[in-house]
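> Provided below are the primary sequence and the corresponding predicted coordinates.
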Amino acid sequence: MFGIMSYQKNIDQGLDLAFQSAQERSLDLQSSRVVIFSDHHKGAGDDADDFKQCAEIYRTALKHYASNQFTLVILGDGEELWECKPDEVTSTYSDIFHLEKPFHEANRHLRIYGNHDDEWCYPEMVAIHLEPFFEGIIVYEAMKYRVHDSGENLGTLFFIHGHQGTTLGDRFGRLSRFAVRYLWRPFQRLTNIKSTTPATDWKLRSKHDSAMYNWAVKQHGVILVAGHTHKPNFPTYTQVDYFREIYTELSRIPEALPKEGLEKIQADLSFANAQEQPCYINSGCCSFSDGDISGIEIESGQIRLVRWSSKEGELPRTVLDSADIKTFFKEVAQPADALPEVIE
């Protein structure tokens, strides 16, 4: 049945199933501090390891959030298990797992699996490879948080990786894993080409972002927080202005950027401008090719998109955008139109 449906319907079905089966937790808006990271793709430390250049800044970020009593949410693809065997990853980055361990011991740790670490959906694999770091850990497909403020129920944050319903990431995941491990990884080792830049397959990513938004806009009172695309999405006017400024400047000097690059920025601007509601947020990734990582923070009633930079001379943490989360929930409680389905 999956094969004859449209892309949007496949995504809808995948997210519907995950939403219906997801467990629920409670999140108090005033007392909770949460940081959400996704798409680390921790590998074996070789030239095919997209996380290697981001590892040090991620360590810095973990120390900051641990000392400030944040809850750590790993939103899928924390480990690159399509390319690597689990013990390759855990031995290479045992120090990272030990830095994450205090969050788990303080009951401030949520781990969700994605398509590239979907082996964590099997309890026996979790017991062998993650239990030595996180005693009693359960890795979930998704989680719903009922958000409340002084007894007032505001709505639901729905945490999920976001690959559900996709062809290569979900339905044909085993075939994709074979191709990545035995074809792509050796090629990466030879060429040192990185696979996790958000510019890769930008048309597919734009299509997927639109499909995720279209599912979320129909779930009144729900904000979908996902990863998977490696492209941050924080639906505010600041984001629209950011893409508009870049597009306007580069369109004046088109020779400064290939035509496809300008088309990508135009697509980003169109998507940012078309969102009527802040119902879909994307954390970006922890494996950008420049060594930076992005994430989402929730603290003191605010939700923020942040970047941690490994570049010399820059402050490690920058708030790229922020909003009042109660305002977001008021907006998603209202009806809004879906976007036209992208057909490629």
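Thanks, I have it.

> Helix, strand or coil: sort out E297 for me.
Reduced to three states with DSSP: H, G, I helix; E, B strand; the rest coil, the structure at E297 is strand.

> burial of the residue nearest to it when sequence neighbours are not counted, as a residue count?
Excluding the flanking residues, the one nearest E297 by C-beta to C-beta, 6 or more residues apart in numbering is R304, at 4.4 Å. The C-beta positions use only the backbone N, C-alpha and C, and glycine is treated the same way. A total of 17 residues lie near R304 under the criterion other C-beta atoms under 10 Å.

> Which strands or helices does the strand or helix carrying R304 pack on?
With elements delineated by DSSP states H and E, R304 resides in strand 302-308, which encompasses its position. Taking 3 or more C-beta pairs under 8 Å, 6 or more residues apart in numbering; DSSP states H and E as the contact definition, the neighbouring helices and strands of strand 302-308 are helix 55-67, strand 293-299, strand 317-324, helix 325-332.

> Take these and write them to CSV, including mean neighbour count.
CSV is the format used below for the helices and strands packed on strand 302-308 (neighbours: other C-beta atoms under 10 Å):
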stretch, mean neighbour count
helix 55-67, 18
strand 293-299, 23
strand 317-324, 15
helix 325-332, 19
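
> Tell me which of these sits nearest to G43.
Checking these against G43 by C-beta to C-beta gives helix 55-67 as the closest, at 10.3 Å.

> so that closest one versus strand 293-299, what angle?
In terms of direction (axes from the mean of the first three to the mean of the last three C-alpha atoms, to 10 degrees), helix 55-67 departs from strand 293-299 by 10 degrees.

> Out of the helices and strands packed on strand 302-308, flag the one nearest T156.
Checked against C-beta to C-beta, the stretch from the helices and strands packed on strand 302-308 lying closest is helix 325-332, at 8.9 Å.

> List the residues that contact the residue nearest the centre of the chain.
Among the residues of the chain, the one closest to the centroid is G227, at 1.9 Å (C-alpha atoms, centre = their mean). Contacts were defined as C-beta atoms under 8 Å, 6 or more residues apart in numbering; by that measure G227 touches 38-39, 75-77, 114, 161-162, 282-285.

> and of those residues, the nearest to A333?
Checking these one by one against A333 (C-beta to C-beta), the nearest turns out to be N282, at 21.1 Å.

> what about the stretch 51-200 of the chain, any weak spots by pLDDT?
Using pLDDT under 70 as the threshold, the predicted model of the stretch 51-200 of the chain has low-confidence ranges 168-200.

> what ranges do the helices span in it?
In the stretch 51-200 of the chain, the segments counted as helices under DSSP state H, counting those that start in this stretch are 55-67, 86-92, 94-105, 123-129, 173-179, 185-191.

> possible to save those helices as TSV with distance to S300?
TSV is the format used below for these (distance: least, C-beta to C-beta, whole Å):
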stretch	distance to S300
helix 55-67	15
helix 86-92	35
helix 94-105	19
helix 123-129	33
helix 173-179	39
helix 185-191	41
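
> Please parse this structure into its domains.
Segmentation of the chain into domains, based on automatic domain parsing, reads 24-232+278-332, 236-274.

> Deepest in the core, which of those domains is it.
domain 24-232+278-332 (a mean of 19; mean count of other C-beta atoms under 10 Å).

> which SS class is C286?
Secondary structure for C286, judged by three-state DSSP, is coil.

> residue contacts, it?
Residues counted as contacts of C286 (C-beta under 8 Å, 6+ apart) are 37-41, 51, 54, 58, 293-295.

> so which of those residues comes closest to Y237?
Within the contacts of C286, proximity to Y237 (C-beta to C-beta) peaks at S294, which comes in at 19.3 Å.
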